[in-house]
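Visitor: generate a structure from the sequence data that follows.
(3 chains)
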Amino acid sequence: MSSHASLFALGPALYLAATGLLVLVLDSVGRTTRLPFALGSAVFGVAAVGAAAVAAFTGGTLLGLGVGAHAFAAMNAFLVAFLVYLVDPSGSNRLLVASVAVAGAVFSLGNAAYYLAYFGTTSDAQAALLFGDQLVVDQMSLLFMAIAASVTALVALASYDYLEGHAYQAEYYALVLLAATGMSLMAAANSLATVFVAMELASLPSFALVAFLKKNRGSVEAGLKYFLIGALSSSFFAYGISLVYATTGSLQLEAVASALSGGTEFVGMLGIGMLMLVGGFAYKTASVPFHFWAPEAYEGAPAPISAFISSASKAAGFVIAFRVFTVAFTPAGLFASLGIDWVLVFQILAVVTMTLGNFAAATQENVKRMLAYSSIGHAGYVLIGLASLGGVASQGDTVLGASMMHLFVYGFMNTGAFLFIALVEYWGVGRTFEDYAGLGRKAPVACAAMTVFLFSLAGLPVGAGFLSKYVLFFGAVSAGFWWLAAVGAINSALSLYYYTRVVKAMWVEEPNGELELQGRPTGLYAAVVAAAVVTVLLLPGFFPIAETAIEAANAVLPNAGDTTTAFFG
Amino acid sequence: MNPWIAVGALGVVSVVIPLSMMLVSSLLRPSVPEDSKRTTYESGEVPTGGTRIRFNIQYYMVALLFVVFDIETVLIFPWTVIYRSALEDGVGLVTVLAPMLIFIGVLVVGLAWAWHNGAVQWSRDPQASETQ
Amino acid sequence: MAVPAEYYLVLSAGLFCIGLAGILTRKNALMFLMSVELMLNAANINFVAFSLYWGNLTGQTFALFTMALAAAEVAIGIGIILVLYRNFGDVDVTDAVGMRW
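Guide: You can find the predicted model right below:
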């Protein structure tokens, strides 16, 4: 792939970053200068399209044509700013920054989808390597960029209503978008250096966002705990990276793999380093042993932020775990013979994480906290993807791909569930199961959406969560780890119990007192309904996602066979 | 000769010098016990208030801007090391310069935002900052 | 190389453990920040030492990145500690226990 087009391969991430900065700038320009600014933006957008068209037609490659798509989308982002100005010339910046944030995330998503389509339709499409192989854009990166962008779009949409009356809104959106940029870059990171930097870029804004309600003790406490554990695990992660570097003399993942291909004399050092890396991933994905920040942070944070970090941040944590362990520390058998059996570590973590998450969720009285523990449980399911890599090698892509599918679907159903909580918080309804009693009669649409989310999370065939879980457990069985699938299935059955409690409270139980719902928050409703529609639509439309995920897994697993036809034929 | 001897000797010297200075001065100095010698500031200033005073929040803002300007120069450093040799090896000026300009541009947006929000607006009244 | 690489490892491991001990024993949030800083610097020692050992600049450059990130982390951390102080009246991390662990 020609190098001049390569930077544009990072489009989805660049979009989020540019929108984040644009939001800050838009907020700063003030009302009087908004008209010239908006006009200038539109002119700039048109000029960008012209320049890009020239680049695209002289460049010639298909990704080069992507430049045109970028410029077109950039122009649209500016046009949105301009239109919002026309609609509401004297209003506050609130609507402006929210719509620009949503637009930026949607364009990022569109861009990722465009590249995914390019990979899907071009048989000899190659991954784009950038900056001396420090970043790679392949199908796995693009799939996770799509997850980050779609969650960001939903969260930004929902935040418009949730943030009503709060100060520092532009900063909020800018932080969300910059954190999303970090998550997109995590998806593309191909070196431990970029992994670390991208991870910090995703983490630092998240710390501030969790503590965003700075007069609310719960939010501050959640932010503090999230920060403390985050800072601790990032120092573990940095030390782990330093030990891997000490062993191999390299940070780039393929170079680490080739340095280790003949074994190493520093097995102990490498083993400790890899364990510390696992600790860093466990923090980011909210898995055991660094999971205990998650219930606190998700419960205390503003609900859209809980949705954001429990879906997008978790997915981003998983993508680096997938890439680091499948590209750098591969093949798993070599490491097992060295005495560093990382597959075994992930098997233990998967079983402990899903069991702990689901059992703890079953004992909760607070719905948001229940969802937080269920989110830990889902991290356990996804870990099966890494835990099954030591088995039948040709099945590795099915199970790893299934993990990606599950994260993709999870990005909609879990975000939707947390956004429903945001809706309930907006109405000022209480937080426990009892408080949700009778909600179904007052807000049937939102509650129907919530029912879809919960049943899909549990794995019932009302949403795509059913299919992704099914493929995941099927893949684990065919890779030779039937017991992982069995533990997962038992946990899913348990999860049905506590998800059903919410559904029962909403539809069946009588409200304790008079339930008054104030206002109709359009943005929140739109986000919740959109997430529900996608969750349901992915049920019939699951095949393209599955195919993309399995191809993405194939690209990072050299030994895996193409089992797409075997399973879906 | 073992190179560690020099390191050891340096360590010994660094301990011996202060010890000998204290020893010599305690032998030479006249002993005049007096109360005012025990005060915190021998200039005669009487300390008031506790040692744990609260600083104005503005110091925190300045510290954050310090992060922008000082710590981030650390990230420019590796770039300056390769800049000239990259140009000499025939890499285009734009390819070498653009990433750093973008990097600094992002910082400038951050600075502009901070400026806009009054981070560099120093509190005028010293009295007001103490009572805040 | 005059100093064997293992010595650097011992030094950095010692520094890392000091930082970890600080985190586990201190209640003051600011002490926590300082301890984290120690742990990151332990990683930096490894990076710089093994950059020399392997004869490439990757480690040194990454150490610079770690420093910048550590500074950014502290900037966020102090902000969170400030709101902690405003809400709980102290910078003791064990005060903030409104939710169950």
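Visitor: can you get me a residue count around residue 25?
Guide: Just going to use chain A. Using other C-beta atoms under 10 Å in any protein chain shown, A:Val25 has 18 neighbouring residues. C-beta: built from backbone N, CA, C; applies to glycine.
Visitor: I was thinking of chain C, sorry if that wasn't clear
Guide: With other C-beta under 10 Å as criterion, C:Thr25 counts 9.
Visitor: where's it relative to A:Ser233, distance?
Guide: 19 Å (C-beta to C-beta, to the nearest Å).
Visitor: any weak-confidence spans in chain C?
Guide: Residues of chain C that meet the criterion pLDDT under 70 lie in C:1-2, C:98-101.
Visitor: within range of chain B, give me the residues from it.
Guide: C:2, C:57, C:61, C:64-65, C:67-68, C:71-72, C:75, C:78-79, C:82 (C-beta under 8 Å from any C-beta of the partner chain).
Visitor: now the closest residue to chain A within chain B. Nearest residue, chain neighbours left out?
Guide: Nearest residue of chain B to chain A, counting by C-beta to the nearest C-beta: B:His116, 4.3 Å away. Closest residue in space to B:His116, ignoring its immediate chain neighbours: A:Ser28 at 4.3 Å, by C-beta to C-beta, 6 or more residues apart in numbering or on different chains.
Visitor: quick check: buried residues in the helix or strand that the one you found is a member of?
Guide: Assigned by DSSP states H and E, A:Ser28 falls within helix A:11-29. For helix A:11-29, the neighbour count (16 or more other C-beta atoms under 10 Å in any protein chain shown) marks A:11-28 as buried.
Visitor: with secondary structure added, can I get the residues of chain C next to chain B in CSV?
Guide: Converted to CSV, the residues of chain C next to chain B look like this (DSSP: H, G, I helix; E, B strand; the rest coil):
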residue, secondary structure
C:Ala2, coil
C:Leu57, coil
C:Thr61, helix
C:Leu64, helix
C:Phe65, helix
C:Met67, helix
C:Ala68, helix
C:Ala71, helix
C:Ala72, helix
C:Ala75, helix
C:Ile78, helix
C:Gly79, helix
C:Leu82, helix
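Visitor: which one of those sits closest to B:Val15?
Guide: B:Val15 has its nearest neighbour among these in C:Ala2, at 22.5 Å by C-beta to C-beta.
Visitor: by average pLDDT, which secondary structure element in chain B comes out worst?
Guide: helix B:126-131 (a mean of 50; mean pLDDT, DSSP states H and E).
Visitor: which residue does chain B bring closest to chain C?
Guide: For chain B, C-beta to the nearest C-beta, closest residue to chain C: B:Ile71, 4.2 Å.
Visitor: how much space between that residue and B:Leu107?
Guide: 11 Å.
Visitor: of these two, who's got more company?
Guide: The neighbour count for B:Ile71 versus B:Leu107, taken as other C-beta under 10 Å, is higher for B:Ile71 (18 against 15).
Visitor: residues contacting that one?
Guide: C:Met67, C:Ala68, C:Ala71, C:Ala72 (C-beta atoms under 8 Å, 6 or more residues apart in numbering or on different chains).
Visitor: 6 Å instead?
Guide: In this structure, B:Ile71 makes contact with C:Ala68, C:Ala71, judged by C-beta atoms under 6 Å, 6 or more residues apart in numbering or on different chains.
Visitor: ramachandran angles for it?
Guide: Torsion angles at B:Ile71 (phi, psi; degrees, to the nearest 10) stand at phi -70, psi -40.
Visitor: look up the pLDDT of it for me, please.
Guide: We have a pLDDT of 75 for B:Ile71.
Visitor: now swap in A:Phe78 and tell me
Guide: Model confidence at A:Phe78 (pLDDT) stands at 60.
Visitor: same question for the one 10 residues further on.
Guide: The confidence metric pLDDT takes the value 59 at A:Asp88.
Visitor: before we move on, the earlier item: filter the residues of chain C next to chain B down to the buried ones, PyMOL style.
Guide: Buried members of these, defined by 16+ other C-beta under 10 Å, are picked up in PyMOL with:
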select buried, chain C and resi 61+64+65+67+68+71+72+75+79+82
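Visitor: what is the nearest of the residues of chain C next to chain B to A:Leu204?
Guide: C:Ala72 (5.9 Å).
Visitor: tell me the contacts of the closest one?
Guide: Counted by C-beta under 6 Å, 6+ apart, C:Ala72 has contacts A:Leu204.
Visitor: mind doing that once more with 7 Å?
Guide: Residues near C:Ala72 by C-beta atoms under 7 Å, 6 or more residues apart in numbering or on different chains: A:Leu204, B:Val67.
Visitor: next one: it from C:Ala21, what distance?
Guide: 25 Å.
Visitor: over to A:Leu389?
Guide: A:Leu389 is 36 Å from C:Ala21, by C-beta to C-beta.
Visitor: okay, those two: which has more neighbours?
Guide: When A:Leu389 and C:Ala21 are compared for neighbours, A:Leu389 comes out ahead with 31 against 12, by other C-beta under 10 Å.
Visitor: can you pull out the low-pLDDT segments for the chain?
Guide: Assuming you mean chain A. Across chain A, the ranges flagged by pLDDT under 70 are A:1-6, A:29-92, A:393, A:558-569.
Visitor: to clarify, I was referring to chain B.
Guide: For chain B (pLDDT under 70), the answer is B:1, B:123-132.
Visitor: so which bits of it are right by chain C?
Guide: B:Pro3, B:Tyr60, B:Leu64, B:Val67, B:Ile71, B:Glu72, B:Val74, B:Leu75, B:Phe77, B:Pro78 (C-beta under 7 Å from any C-beta of the partner chain).
Visitor: contact partners for the closest residue to chain B within chain C?
Guide: Nearest to chain B, among the residues of chain C, is C:Ala71, at 4.2 Å (C-beta to the nearest C-beta). By C-beta under 7 Å, 6+ apart, the contact set of C:Ala71 is B:Val67, B:Ile71.
Visitor: next one: it relative to A:Val367, how far apart?
Guide: Taken as C-beta to C-beta, the span from C:Ala71 to A:Val367 is 39 Å.
Visitor: then A:Leu21?
Guide: Taking C-beta to C-beta, one finds A:Leu21 at 36 Å from A:Val367.
Visitor: any idea which helix or strand carries A:Gln323?
Guide: That one is not Gln; residue A:323 is Arg. helix A:314-323.
Visitor: give the buried residues for the next helix or strand after that helix.
Guide: Per DSSP H and E, the first helix or strand lying C-terminal to helix A:314-323 is helix A:332-338. Along helix A:332-338, these residues count as buried under the neighbour rule (16+ other C-beta under 10 Å): A:Ala332, A:Phe335.
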